[in-house]
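S.K.: got a sequence here, can you build the structure:
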Amino acid sequence: MPTPAKPFSYACCKMRKAGIKMQIVFMNRLSRISGLTEEVFAQLWIGEEEGVWRLGWRDFAEAGEGEDCLWYEGGSWNEMLCVYRHELAVKMGEGYRPLIDGVFHEEEGLTGRNQEQLRLQYYSEQYANEAVYEELSAWRRGKASSERKAPYILASNRLLRLLSTFLPQSTEELLQIPGIGEAKAAQYGPDWLAITAAAPREHDFPLKWVREATDEDAFSSWLYKQKEIKYKKQLERLRLNRMLLQGIEGGLGLEQLKEQTGIGRRELLEAVEELEKDGYSVEKLIELELVTMEREQQEAVWNAYAELGDLFLKPVFHKVYGENFSASEGLDFYYERLRLIRIRFRREQADKLGVAGNF
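M.R.: You can find the predicted model right below:
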């Protein structure tokens, strides 16, 4: 298990005065303009000593002296990398730019198409027609209720912002909005166009004019803010996974894990499922949670998965318990058991495929 790291709010310290010695494995120099003309400098560094990683930032004063701020200290390279990316995105959002490019160490960069889609998203966050956005949101609430679907499945907030900013007036224009394909346009396009085409607009399609209308410095800062949000989520997920693995190994059940992590049982189960997909064993938790479930009932659920597949829970629930089943514990209790057994079922199916693939 990785060495526990310091909390997300990292304390600053004077590394040289503390007498810490380590091998520097990476360093980059950054600068930004302060005020009208003054350029200020900083260094970003990664060091290692006896399996302990340290990550820090050094701002240089006018006299050339610098003070190190320790961002991370611990034994996990992956966690250190998440902290590195998040904190660097914060600094670049503040205007710092690196001497060496590729500082985020990502496998894939933005393509031209992705860049333009993000530009449209940025513009829509600045200039959306709020009245149209509210009308589209009201449409989504009503449609989600009538179709018994989650609102985000119909249209994300991002998509509603785009629609309320660029105000398409035809299906051809609608299809130029990122996130809208032929199927979506056919299904909901008439409803959207009834709202957007009725509003006056200042610009036409195609949307190539957005590039010239965008302030490049502001757009760059916004891009780094998106990275900051993305990397913070990755870091939070990594730390949640570590907490779950430690808790499961320590014999904690779902309710205890809920109290420890502060998240709901449904989200916990989703995280546990992801851990299993990533190759970690969660069998200890499954055994603990299913200890009071009769073996015959577990076998009935297993057989239902074998017959109906494991993609959807409701058909399996109806197969095992009947369509009119109700219980004082609530149905969530039974669905949790279905999900735990599904983890086992999927693991066995994957093992079978792995064995077959070896022949």
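S.K.: now residue 25. Its backbone dihedrals?
M.R.: Taking degrees, to the nearest 10, you get phi -110, psi -10 for the backbone angles of residue 25.
S.K.: and if you look at residue 291?
M.R.: According to degrees, to the nearest 10, residue 291 has phi -60, psi -30.
S.K.: confidence score at it?
M.R.: We have a pLDDT of 96 for residue 291.
S.K.: what's the separation between it and residue 345?
M.R.: Look at residue 291 and residue 345: by Cβ to Cβ, to the nearest Å, they are 18 Å apart. Placement of C-beta: from N, CA and C, glycine included.
S.K.: those two: which has the busier surroundings?
M.R.: Taking neighbours as other Cβ atoms under 10 Å, residue 291 and residue 345 compare with residue 345 leading, 18 against 8.
S.K.: where does the prediction get shaky in this structure?
M.R.: Applying pLDDT under 70 to the chain flags the ranges 1-21, 35-36, 61-66, 102-112, 354-359.
S.K.: remind me, longest helix of it?
M.R.: Across the chain, the longest stretch assigned as helix under DSSP state H is helix 216-249.
S.K.: against which helices or strands is it packed?
M.R.: helix 77-93, helix 112-127, helix 254-261, helix 265-277, helix 283-289 (3 or more Cβ pairs under 8 Å, 6 or more residues apart in numbering; DSSP states H and E).
S.K.: just tell me which of those helices ends up closest to residue 157.
M.R.: helix 112-127 (10.1 Å; Cβ to Cβ).
S.K.: so how far is the helix or strand that that closest one is followed by off the chain centroid?
M.R.: Later in the chain than helix 112-127, the nearest helix or strand by DSSP states H and E is helix 130-147. Here helix 130-147 is found 25 Å from its chain centre; the criterion is Cα atoms, centre = their mean, to the nearest Å.
S.K.: stretch 120-139 too?
M.R.: How far stretch 120-139 lies from its chain's middle: 23 Å, per Cα atoms, centre = their mean.
S.K.: start to end distance for it?
M.R.: End-to-end distance for stretch 120-139: 23 Å, by Cα to Cα, to the nearest Å.
S.K.: and this protein, what are its domains?
M.R.: 15-98, 112-210, 290-359 (automatic domain parsing).
S.K.: can you redo those as TSV with distance to residue 238?
M.R.: Formatted as TSV, the domains of the chain follow (distance: least, Cβ to Cβ, whole Å):
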stretch	distance to residue 238
domain 15-98	6
domain 112-210	24
domain 290-359	21
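S.K.: which one of those lies closest to residue 234?
M.R.: Nearest of the domains of the chain (Cβ to Cβ): domain 15-98, 5.1 Å.
S.K.: chain neighbours aside, what residue packs nearest to residue 319?
M.R.: Nearest residue to residue 319 in three dimensions, chain neighbours excluded: residue 304, at 4.3 Å (Cβ to Cβ, 6 or more residues apart in numbering).
S.K.: tally of neighbours for that neighbour?
M.R.: The burial count for residue 304: 21, using other Cβ under 10 Å.
S.K.: dump the residue contacts of it.
M.R.: Contacts for residue 304 (Cβ atoms under 8 Å, 6 or more residues apart in numbering) come out as 315-316, 319-320.
S.K.: now that we have those, which of them are buried?
M.R.: Using 16 or more other Cβ atoms under 10 Å as the burial test, the contacts of residue 304 include 316, 319-320 as buried.
S.K.: start and end of stretch 257-276, how far apart?
M.R.: First-to-last residue span, stretch 257-276, Cα to Cα: 16 Å.
S.K.: make that stretch 150-157, sorry
M.R.: Using Cα to Cα, the end-to-end distance of stretch 150-157 comes to 13 Å.
S.K.: please spell out which residues along that stretch are buried.
M.R.: 151, 154-155.
S.K.: ok, those vs residue 93, which is closest?
M.R.: residue 155 (28.2 Å).
S.K.: right, and the closest one touches residue 187 too?
M.R.: No - taking contacts as Cβ atoms under 8 Å, residue 155 lies outside contact range of residue 187: 10.6 Å.
S.K.: for residue 286, what are its contacts?
M.R.: Contacts of residue 286 (Cβ under 8 Å, 6+ apart): 340-341, 343-344.
S.K.: no wait, residue 265
M.R.: Shown in contact with residue 265 (Cβ under 8 Å, 6+ apart): 254-255, 258, 332, 336.
S.K.: against residue 298, how distant is it?
M.R.: Distance, residue 265 to residue 298, by Cβ to Cβ: 20 Å.
S.K.: cool, thanks, signing off.
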